[in-house]
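J.: could you look at this predicted model? Sequence included:
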Amino acid sequence: MEAKESSLSLDRYWLILKRRWLIGLAVLPPVFVAIFLLLASRKADYVAEGALRFQKVNTTSSLTGFAKELGDLTPLAEKTNPLSTEGEVIRSSDVVQATIQELKLKNEKGKTIKEKQFLGGLTVSEVQKTDILKVSYKHTNPKKAAEIVNTLIDVYLNKNVAYHRSEVTAARKFLEKQVPQVELMLRKAESQLRQFKERNKIVHLEQEATKSVEAINDLQKEINQSKSRISDVDSQAEGIRKQLGMNSQQALTIASLSQSSGIQDSFKEVQQVESQLAARRTVLQDSHPEIINLKSKLESLKGILRERTQKVTGSSELQSDANLQIGVIKQNLAAKLVELESNRLGLASEIFTLSNIENSYRQRLNILPKLEQQQRNLERELQTAQATYTLLIQKLEETRIAENQNIGNVRIVSKAEVPTEPAVSPSSSYYIAGLLSIFASLAAMYLLEARDKSIKTVDEAKELLDLTLLGVIPSFSKSKKSLRHQEEQDLYTRRLVVRDTPRSPISEAYRMLRANLKYISADKEMRVIVVTSSVPKEGKSTVSANLATAIAQMERKVLLVDADLHCPVQHQIWDTRNDAGLSNVIVGQSPLRNAVKRVLPNLDVLTAGVVPPSPSSLLDSKRMALLIEGFAAHYDFVIIDAPALNVAADAATLGQMGDGVLFVVRPGVVDSVNATLAKELLEKSGQNVIGQVVNGIIAENEPHSYYYFAEDYHSEERVDVEDLMKTGNG
């Protein structure tokens, strides 16, 4: 695609050169003479040249890394060149003004030269693939030129060293301010980390997490073992309770009573007194004093028993005899039950304690990730502060050392020598004048071409109008080289090529146009075709006449109507009278049969007739519409030669009455402005524009040769035209 565009561009330039070479040839000599005289009248200029080398690493700063960084030629942007930057520094106002003042440079009037004038003679350029800049100055005095270059280099070197030293000094001052602040940040970070560890009792979080997990596992094992023992104790206690027939509280009470000697002694005394009372009642009455004494004694003993029982059991109710006096086995079982209950309580207490310890470990373990994150943040801040503090201390020491070093990154490769020969030799003036005159000639041709807005080629017409290209009609003359050729061309455009020279390439072009019209109207036959153009002199009448002739040769009945009532020409082309024509038929002055003239077999011509004062009103009438309908009914084809669109809107009016509009474009006659306006008029009026015909092309002006003319064709056609000129036909 790029190669194609490049080829098109070269073809375009070649066409411009062929069209405008006369202008270029006219411009070339005077420009050459003027430039040569100007160069010859000037004093000879001498150029002195010096060279500077820029180093990426400063060899004098090996003691410090800081000065090394300052000596690096590092670009700020990705696509910048450090050498170009240094070249602009050399050309800067600061360096230039210092050089001017040191040398006290004056102009021809004795005044201090301006910076702009100084820069006009100064050149700073890079040596390709090196770190070297060349500094040159052009002056009419060779000694002055060398002196200016050497002074400029010295000024730049001094400023370069001063600049780098100022950078180091500024860096040292900055570091001296930053070190105390960073030290404060470091102390603060250390204090925060220490307080965090003290507040959360942290020694080593990772080890603590590991130990906590192990402790929780051990506690879980102990809790499970205690629960297992409780289950065993519950089983044993349940069996003893079933044997004793009492619950644990009752067994505890019985065990306490049976093990109390005072209660057992009191119980025995009560039993003895009850036995005595029962024995005496068999002999004595209840009212007997002995019986009364025994009852009183019995009550006293029972009271003592109740008091002792209350102390042991905590209840004032007297237990039954079965509970106060049991066997050894039951006593042992009761004691065992009490022991098991005691063990169970101990195990439950142990489980509770272990669970609390486990919960405390779990709570600690849950907050460990958060503590670890906080500790990492504090440690990171501490590390950053430590690294920053260490770096600043190191850089501060480096800047103190580098401040006293010469850290410039540029060296003189060669100083300027006094030149012995001028910069431009006399023979070079010829080459310079020739080159500049050629450029001026090309520029003149291009400017003239740019000012010319006319359509010049078929491709331009296709691109500008964007209409279907139905035909390309070549011009008989290859180029308009002489007045004779121009006259010959004008005569030829008035002739019927298809009729008079049917074997010519131009006739074949009209037959191709006829065939394309047939193909484009295959779906819907077009019987009435309006032919128009943007401006006059584009050959629309000639195209209409030859197209009508080409269609008539196909034994189709054709009517050619000259509807250009402004400037009719069909009667001249066909060499017929114009006393009665279209205008006369429209107003009823002449019948149609008298106005229509048979000029060829199958071809009739209706000339324009008398030119009316208002052609547009006649053409935009119902009578004209009825006439066209009648023409379409009696003829196979009706071709209407309409006025140019910039002359009147008649073509748009007639286009509404016809089946389509054929647009004629002639390169070199119509410009892009008129062609665009004509196209917009057709589009806005809703015309059916079937396509365009490019008329009168010159093959040598086209980037692509649409037609190649054989010599026999040219010679044959030229003889025909000369004969016509002699006979005066047309």
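T.: Here it is on my side, so go on. Keep in mind the model is a prediction, meaning the values are calculated, not measured.

J.: and stretch 117-129, C-alpha only, in PDB?
T.: Output of stretch 117-129 as PDB, limited to C-alpha atoms (Å, rounded to 0.1, in the frame of the first residue of the first chain):
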ATOM      1  CA  GLN A 117      24.300  38.200  15.200                       C
ATOM      2  CA  PHE A 118      26.800  36.200  17.200                       C
ATOM      3  CA  LEU A 119      24.600  33.100  16.900                       C
ATOM      4  CA  GLY A 120      24.400  33.600  13.100                       C
ATOM      5  CA  GLY A 121      28.100  32.700  12.800                       C
ATOM      6  CA  LEU A 122      28.200  30.000  15.500                       C
ATOM      7  CA  THR A 123      27.700  26.300  14.700                       C
ATOM      8  CA  VAL A 124      27.600  23.500  17.300                       C
ATOM      9  CA  SER A 125      27.300  20.000  15.800                       C
ATOM     10  CA  GLU A 126      27.700  16.400  17.000                       C
ATOM     11  CA  VAL A 127      30.200  14.000  15.600                       C
ATOM     12  CA  GLN A 128      28.200  10.800  14.800                       C
ATOM     13  CA  LYS A 129      28.700   7.800  17.000                       C
END
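
J.: tell me the buried residues in it?
T.: By 16 or more other C-beta atoms under 10 Å, the buried positions in stretch 117-129 come out as Phe118, Gly121, Leu122, Val124. The C-beta positions use only the backbone N, C-alpha and C, and glycine is treated the same way.

J.: quick one: contacts of that stretch?
T.: Identification of contacts with stretch 117-129 by C-beta atoms under 8 Å, 6 or more residues apart in numbering yields 51, 81, 83-84, 87, 90-91, 96, 99-100, 105, 107, 132-139, 145, 148, 152.

J.: again, only this time at 7 Å
T.: Under the criterion C-beta atoms under 7 Å, 6 or more residues apart in numbering, residues 83, 87, 90-91, 96, 100, 107, 133-139 lie in contact with stretch 117-129.

J.: so which strand or helix has Thr532?
T.: strand 528-533 (DSSP states H and E).

J.: tilt between the next helix or strand after that strand and strand 528-533?
T.: Going down the chain from strand 528-533, the next helix or strand is helix 540-552, by DSSP H and E. Orientation of helix 540-552 against strand 528-533 (axes from the mean of the first three to the mean of the last three C-alpha atoms, to 10 degrees) gives an angle of 150 degrees.

J.: next, the angle from the next helix or strand after helix 540-552 to helix 540-552.
T.: Past helix 540-552, further along toward the C-terminus, the next helix or strand under DSSP H and E is strand 558-562. Counting by the same axes, to 10 degrees, strand 558-562 lies at 170 degrees to helix 540-552.

J.: centre of the chain versus the one helix or strand Gln192 maps to, how much separation?
T.: According to DSSP H and E, Gln192 maps onto helix 142-199. Relative to its parent chain, helix 142-199 has a centroid offset of 39 Å by C-alpha atoms, centre = their mean, to the nearest Å.

J.: over to stretch 528-542?
T.: On C-alpha atoms, centre = their mean, the centre of stretch 528-542 falls 50 Å from the chain's centre.

J.: gap between the two ends of stretch 585-603?
T.: With C-alpha to C-alpha, to the nearest Å applied, stretch 585-603 spans 19 Å between its terminal residues.

J.: report the outermost residue of this protein with respect to its centre.
T.: Within the chain, Val283 marks the point farthest from the mean C-alpha position, 133.5 Å out by C-alpha atoms, centre = their mean.

J.: ok but that residue is inside a helix, no?
T.: No: under DSSP: H, G, I helix; E, B strand; the rest coil, Val283 falls outside any helix and is assigned coil.

J.: the buried residues of stretch 117-129 in strands, which ones?
T.: The strands, defined by DSSP state E, take in Leu122, Val124 from the buried residues of stretch 117-129.

J.: of the contacts of stretch 117-129, which pair is most distant in space?
T.: Leu83 and Asn107 (31.3 Å; C-beta to C-beta).

J.: out of those two, which sits in the more crowded spot?
T.: Using other C-beta atoms under 10 Å, the more surrounded residue of Leu83 and Asn107 is Leu83, with 19 against 11.

J.: give me the pLDDT value at the more buried one.
T.: pLDDT recorded at Leu83 is 82.

J.: and the nearest residue to it once chain neighbours are set aside, how far from Gln285?
T.: In space, and not counting its chain neighbours, Leu83 is closest to Glu126: 5.0 Å by C-beta to C-beta, 6 or more residues apart in numbering. Plainly put, Glu126 is 154 Å away from Gln285 if you go by C-beta to C-beta, to the nearest Å.

J.: contacting residues around the residue lying closest to Tyr46 once chain neighbours are set aside?
T.: Once flanking residues are discounted, Tyr46 sits nearest to Pro142: 3.9 Å by C-beta to C-beta, 6+ apart. Pro142 makes contacts with Tyr46, Ala48, Val418, Pro419, as judged by C-beta under 7 Å, 6+ apart.

J.: burial count for the last one?
T.: This means Pro419. Neighbour count of Pro419, defined by other C-beta under 10 Å: 19.

J.: which of the contacts of Pro142 count as buried?
T.: For the contacts of Pro142, a burial check counting by 16+ other C-beta under 10 Å picks out Tyr46, Ala48, Pro419.

J.: the helix or strand hosting the second one packs against which elements?
T.: The secondary structure element spanning Ala48 is strand 46-54 (assigned by DSSP H and E). Applying 3 or more C-beta pairs under 7 Å, 6 or more residues apart in numbering; DSSP states H and E, one finds that strand 46-54 contacts strand 132-139, helix 142-199, strand 410-414.

J.: any idea which of these is most buried?
T.: Between the helices and strands packed on strand 46-54, strand 132-139 has the highest mean count of neighbours, a mean of 21, where neighbours are mean count of other C-beta atoms under 10 Å.

J.: average model confidence for that strand?
T.: For strand 132-139, the mean pLDDT works out to 87.

J.: what angle sits between the helix holding Gln192 and strand 410-414?
T.: Calculated by the same axes, to 10 degrees, helix 142-199 forms an angle of 160 degrees with strand 410-414.

J.: any idea how far the next helix or strand after helix 142-199 is from the chain center?
T.: Downstream of helix 142-199, the first helix or strand assigned by DSSP H and E is helix 205-244. A distance of 70 Å separates the centroid of the chain from that of helix 205-244, by C-alpha atoms, centre = their mean.
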